[in-house]
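J.: Predicted coordinates and the sequence they were generated for:
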Amino acid sequence: MTLPSTLKPSPPLVSFHHNLRSLSPSRLSTAVSTSLPTLNVFSTLDVNTATDTLSSTLTTCLDNICPISSRPACTTPPSPWLSDDLREHQTDLRAAERRWWKSKDSADLGKYQFLLATFSDNFKSAKNSYYQNKINSTTDTRSLFRTFNTLLCPPPPPPDTSLTPDVFASFFTNKVTSISNTFSAPYSVKHLSPVCNSSVFMFSPLTDTEVSKLLLSNHPTTCSLDPIPSHLLQAISPSILPALTHLINTSLLTGTFPTTFKQARVTPLLKKPALNPTQIEYYRPVLSSHSWQKHLKGQFSIKSLPISHRTSCWMTISQALKVDTPPRLPCCLSLSR
């Protein structure tokens with residue numbers, strides 16, 4: 001005697017998204033301009049408070065105008081070569097298959113086999129035509145390599161459900177610790193006296209024009225940690241330029257990196273598609289950081305030093321970096337706090 005199973009079927013996967021196709025950038029820009037504090041109030045905030053205020057305002061305005069909706073998650077990506085005629089043919093094929101399973105008639109079997117052979121030929125022909133047209137029309141080398149990579153290297157199988165985020169975190173932490181332990185303790189080195197007597201310098205503040213150029217020149221790549229997608233941020237940039245300029249200048253002048261930007265998302269990926277996905281040592285961590293970090297990168301002029309000190313200091317920096325450029329310093333030197 002066997003008891004019936006009491007296990008409940010797993011619920012269907014659901015994905016959440018914003019319907020950005022129906023979103024008007026001008027409406028979002030107006031909402032952000034209205035919700036943000038005035039520049040006089042915003043300029044009194046510290047770096048972390050200003051960053052959180054700007055991020056929460058952008059997220060709230062996007063959620064109010066374009067609420068998050070749910071839909072069943074697609075387990076397999078859609079086939080771009082599957083036209084409406086092929087979908088209709090596929091529907092007829094499934095109906096013929098169900099009809100044959102019920103009747104077990106040889107006539108229904110013959111019709112089902114005929115539809116199956118026809119659909120298979122049309123499907124292969126449509127797929128070949130799609131990739132031929134895509135390869136012939138591609139002029140970018142990167143896009144062409146990506147197309148061949150999808151054909152020659154299929155996506156890896158999903159990882160084992162026993163590999164939880166805590167397991168990955170512990171594995172990668174222990175791996176870093178074991179690698180660090182293999183190095184010997186560093187030798188104590190006496191600090192050399194600096195060549196430059198003056199160590200006072202400051203970055204020249206950025207203008208709205210420079211921040212706008214920096215914002216629009218970056219490729220609109222989006223991370224899941226971003227308050228809004230990067231292409232929307234570029235579209236509404238005029239409404240947030242004063243706040244973003246104050247945020248960048250305050251971060252550079254105070255040497256404080258926003259705490260929000262120190263977070264990152266780590267995704268474990270298989271090193272090779274043919275490896276066993278159940279073995280945790282075959283994974284490598286891939287980090288995706290906040291895309292706003294790009295807006296804090298660049299080079300800014302030194303304008304607080306006299307000409308004599310500026311020249312001597314820059315000669316020392318140029319010799320260390322082995323570059324012959326105007327007196328500029330990488331902004332990452334001030335973001336150590």
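T.: It's in.

J.: Next, residue 269: secondary structure please.
T.: Under DSSP: H, G, I helix; E, B strand; the rest coil, residue 269 falls in the strand class.

J.: in the sheet, who's paired with the closest residue to it other than its chain neighbours?
T.: Spatial nearest neighbour of residue 269, excluding adjacent residues (Cβ to Cβ, 6 or more residues apart in numbering): residue 286 at 5.2 Å. The way it works is simple: take the backbone N, C-alpha and C, and place the C-beta from them, glycine included. Beta-bridge partners recorded for residue 286 (DSSP bridges): residue 267.

J.: who are the neighbours in contact with residue 286?
T.: 266-269 (Cβ atoms under 8 Å, 6 or more residues apart in numbering).

J.: And it, how close does it get to residue 266?
T.: Going from residue 286 to residue 266 by Cβ to Cβ, to the nearest Å gives 7 Å.

J.: Same check on residue 59?
T.: Residue 59 is 22 Å from residue 266, by Cβ to Cβ.

J.: Buried among the contacts of residue 286? Need that as a selection in ChimeraX.
T.: Entered in ChimeraX, the line below selects the buried ones among the contacts of residue 286, by 16 or more other Cβ atoms under 10 Å:
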select :268
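
J.: and the contacts of residue 286 as TSV, adding distance to residue 111?
T.: As requested, the contacts of residue 286 are exported to TSV (distance: Cβ to Cβ, whole Å):
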residue	distance to residue 111
266	53
267	47
268	48
269	45
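
J.: So which helix or strand of this protein has the lowest pLDDT on average?
T.: strand 328-330 (a mean of 35; mean pLDDT, DSSP states H and E).

J.: In the chain, what residue spans correspond to strands?
T.: 14-18, 68-72, 264-270, 283-289, 299-301, 328-330 (DSSP state E).

J.: Partner strands of the second one, with direction?
T.: Each strand paired with strand 68-72, and its direction, by DSSP bridges: strand 14-18 (antiparallel).

J.: contacting residues around residue 80?
T.: With contact set as Cβ under 8 Å, 6+ apart, residue 80 has these partners: residue 130.

J.: where does the stretch 201-337 of the chain have low pLDDT?
T.: Residue ranges of the stretch 201-337 of the chain with pLDDT under 70: 201-203, 294-337.

J.: mind redoing it with 50?
T.: 299-337 (pLDDT under 50).
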